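# let me see the structure of the following:
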Amino acid sequence: MDTPETSAVEDEPKGDRANAELFYELAVQTFQIGYDEATAAEMAARTPIERLADAQLLVLRAIYRELRHGHDQVTAQTAGLAEHTQALSEHADAMDKLRGTLLEHADALSRYRGRG
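The predicted model follows:
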């Protein structure tokens, strides 16, 4: 249980969500193992405090994964907003150039009409 977590899908938000759900389910199962379901040997091997500690550890891992999932979503949304901002900036620049071109065209038309 003390092994370092290295996941092939560490940067994938869906993987973090699935891991969070898995850890949550494991925590619920660990916590629900009560006196009724355990054999005498299991009861002697694991005290209620140890089972509670295992459940708490799994819940903390689930919380970590959920927070990681949220962080990954925020990062993706921030990158999307940066791309959108860049596209809007380019569009605004193009509209500014178009405005200048239209003003020049209007000036040319007024000069042409003034001759005639």
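
# packing partners for the helix or strand where residue 51 lies?
According to DSSP states H and E, residue 51 maps onto helix 48-115. Helix 48-115 is packed against helix 13-32, with contacts defined by 3 or more C-beta pairs under 8 Å, 6 or more residues apart in numbering; DSSP states H and E. Backbone N, C-alpha and C define where each C-beta goes, glycine included.

# any figure for the gap between the residue nearest to residue 69 when sequence neighbours are not counted and residue 91?
Closest residue to residue 69 apart from its sequence neighbours, by C-beta to C-beta, 6 or more residues apart in numbering: residue 16 at 4.0 Å. Distance, residue 16 to residue 91, by C-beta to C-beta, to the nearest Å: 35 Å.

# distance of residue 25 relative to residue 58?
On the measure of C-beta to C-beta, residue 25 and residue 58 end up 9 Å apart.

# those two: who's more crowded?
residue 58 (21 against 12; other C-beta atoms under 10 Å).
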